[in-house]
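Peer 1: starting from these lines, generate the structure:
(chains A, B, C and D)
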Protein chains: 2
Amino acid sequence: MSSTRLSETSYIVLALLDRVQPATPYDLKRLAECSTIDFWTVPHAQLYNECARLAREGLLTEEQEQVGRRRRIYSLTNLGSEALKTWLDTPIEELEEVRDLGILKLFFGADPAQLASTLVPMHEERLSRYEEYAALRDNVRAAGADVPRGAWLALQAGIGHEREYVRFWTALREHETP
Amino acid sequence: MSSTRLSETSYIVLALLDRVQPATPYDLKRLAECSTIDFWTVPHAQLYNECARLAREGLLTEEQEQVGRRRRIYSLTNLGSEALKTWLDTPIEELEEVRDLGILKLFFGADPAQLASTLVPMHEERLSRYEEYAALRDNVRAAGADVPRGAWLALQAGIGHEREYVRFWTALREHETP
DNA sequence: TTTATATAGTACGAGACGAACGGTCCAGAC
DNA sequence: GTCTGGACCGTTCGTCTCGTACTATATAAA
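Peer 2: Numbering: from 1, shown residues only, chains lettered A, B, ... in the order given. The predicted structure is shown next:
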């Protein structure tokens, strides 16, 4: 009975819970940190709020420890996992914006070569981090273990974009036109 | 004498004003709409807030019409244009996240081919829109007119990323691995 | 016992966002 | 001339987001 619309944050919580159920917001925080959510972080304070809200809306069940830290422990309800499935199956209607600080400054006239000189190394670093992840997964797969395909594909997308960034800024650093 | 930190929104206002000074928030809104800020929109309501705030901080001067619509008209102060210059010259310290809804759903297990079938056309459309802009600018340049280099470079960046998106999702649509 | 560190949760204020609303102005219909 | 539709212009409001700072618990070494 969700009165308010669910946000991306909500679905991240639902999707994470779908994997590690039951869990506390703190569990979700750690999971999010290491699960290549390099591309959509949620400040940990919000995870507490979001879990509470989703429980209020009937998408999660909430249990609270009676002693010690009084952790709250959440699980998906049927309503919750249906909401998640629906979201995953709903086609995307609008593209996101890019929201890249470098491009923004470039647009407003910052010096391209100077921008490039700091951005090239940063993107190269992120790219090689991604590539290491990918190699890791290959090893895991070689060992016959399970690797979620979605996560791997998302990584490939990230790698593609980082390569493009490196290409673009490298050209600018060399005073060429991309 | 800025007590609070300036946000990206603030700098967008400063940078836009730097071009069309003096201007009302409404002018800025229209300027932002057509100035290829496809990659960092600001809801118009915020432009009014932001102008007021920047004026309070001494970065803008504010004049209000005494009759009719009582528009507020803003210009940069010296403080304001220095803040803008400083921002443009300050190296970027951290990379932005990607925040792409398609990648997020992909990560959480949505069907790649289905995602791709809606996303390929959307990215193709955006790509061709960008390419039309670029062609327009080439014409303007051919006619000997002035084209801000930054805006053109930002466009090139956008084109690069859209091409990458098209490549990535097209591969997925065809059931290949990107 | 004190101190350090990792773990776990909360509070709060500023800002972002979008939808809805309310005025102003002007041009053409009547 | 005044009515009215539509473009123009500005504000309000409630919710969401974000980040920082703070509090508290648990474990373990010093």
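
Peer 1: output the contacting helices and strands for the lengthiest helix in chain A.
Peer 2: Looking across chain A with DSSP state H, the single longest helix is helix A:112-142. With contacts taken as 3 or more CB pairs under 8 Å, 6 or more residues apart in numbering or on different chains; DSSP states H and E, helix A:112-142 sits against helix A:101-107, helix A:149-173, helix B:149-173. For glycine as for every other residue, the C-beta is placed from the backbone atoms N, C-alpha and C.

Peer 1: one more time with 6 Å
Peer 2: With contacts taken as 3 or more CB pairs under 6 Å, 6 or more residues apart in numbering or on different chains; DSSP states H and E, helix A:112-142 sits against helix A:149-173.

Peer 1: near DNA strand C, which residues of chain A?
Peer 2: A:24-27, A:30, A:44-45, A:48, A:69-72 (CB under 7 Å from any atom of the strand).

Peer 1: among those residues, which pair sits farthest apart?
Peer 2: Farthest pair in these (CB to CB) is A:Arg30 and A:Arg70. Separation: 18.9 Å.

Peer 1: which of those two has more neighbours?
Peer 2: Per other CB atoms under 10 Å in any protein chain shown, whichever of A:Arg30 and A:Arg70 has more neighbours is A:Arg30, with 13 against 8.

Peer 1: residues of the longest helix of chain A that come out buried?
Peer 2: A:112, A:115-116, A:119-120, A:122-124, A:126-127, A:130, A:133, A:137 (16 or more other CB atoms under 10 Å in any protein chain shown).

Peer 1: go through those and say which is closest to B:Glu57.
Peer 2: Comparing those against B:Glu57 with CB to CB places A:Leu115 closest, at 26.2 Å.

Peer 1: from B:Pro148, how far out is the closest one?
Peer 2: Distance, A:Leu115 to B:Pro148, by CB to CB, to the nearest Å: 15 Å.

Peer 1: then A:Tyr133?
Peer 2: Counting by CB to CB, the gap from A:Tyr133 to B:Pro148 is 38 Å.

Peer 1: close to chain B: what parts of chain A are there?
Peer 2: A:15, A:39-40, A:88, A:91-92, A:95-110, A:118, A:122, A:150-151, A:153-154, A:156-157, A:160-161, A:164, A:168, A:178 (CB under 6 Å from any CB of the partner chain).

Peer 1: ok, of those residues, which come out buried?
Peer 2: Using 16+ other CB under 10 Å, the buried ones in the residues of chain A next to chain B are A:15, A:39-40, A:88, A:92, A:95, A:98, A:100-110, A:122, A:150-151, A:153-154, A:156-157, A:160-161, A:164, A:168, A:178.

Peer 1: which helices and strands sit right next to the host helix or strand of A:Asp18?
Peer 2: Applying DSSP states H and E as the criterion places A:Asp18 in helix A:8-20. Using 3+ CB pairs under 6 Å, 6+ apart, the elements in contact with helix A:8-20 are helix A:25-34, helix A:78-89.

Peer 1: who's in contact with that helix?
Peer 2: A:28, A:31, A:42, A:50, A:76, A:80, A:84, A:87, B:108 (CB atoms under 6 Å, 6 or more residues apart in numbering or on different chains).

Peer 1: reformat these as TSV; add pLDDT.
Peer 2: Shown next, in TSV, are those (pLDDT from 0 to 100):
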residue	pLDDT
A:Leu28	93
A:Leu31	90
A:Val42	91
A:Glu50	92
A:Leu76	95
A:Gly80	93
A:Leu84	95
A:Trp87	94
B:Phe108	94
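
Peer 1: closest one of those residues to DNA strand D?
Peer 2: Nearest to DNA strand D out of those is A:Val42 (CB to the nearest atom of the strand; 5.6 Å).

Peer 1: measure that closest one to A:Tyr11 for me?
Peer 2: 11 Å.

Peer 1: returning to that earlier point: least confident of the helices and strands packed on helix A:8-20, on average?
Peer 2: Among those, helix A:25-34 carries the lowest mean pLDDT, at a mean of 90.

Peer 1: hey, C-alpha coordinates of the helix or strand following it in PDB?
Peer 2: Sequence order places helix A:44-56 as the next helix or strand after helix A:25-34, per DSSP H and E. Extracted in PDB, the C-alpha atoms of helix A:44-56 (Å, rounded to 0.1, in the frame of the first residue of the first chain):
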ATOM      1  CA  HIS A  44      24.500   5.200   4.900                       C
ATOM      2  CA  ALA A  45      22.200   7.400   6.900                       C
ATOM      3  CA  GLN A  46      19.600   7.100   4.200                       C
ATOM      4  CA  LEU A  47      19.600   3.300   4.400                       C
ATOM      5  CA  TYR A  48      18.200   3.500   7.900                       C
ATOM      6  CA  ASN A  49      15.500   6.000   6.800                       C
ATOM      7  CA  GLU A  50      14.700   4.000   3.700                       C
ATOM      8  CA  CYS A  51      14.400   0.700   5.500                       C
ATOM      9  CA  ALA A  52      12.100   2.300   8.000                       C
ATOM     10  CA  ARG A  53       9.900   3.800   5.300                       C
ATOM     11  CA  LEU A  54       9.700   0.600   3.300                       C
ATOM     12  CA  ALA A  55       8.600  -1.200   6.400                       C
ATOM     13  CA  ARG A  56       6.000   1.400   7.000                       C
END
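
Peer 1: buried ones in helix A:44-56, by neighbour count?
Peer 2: Buried residues in helix A:44-56, counted by 16+ other CB under 10 Å: A:46-47, A:50-51, A:53-55.
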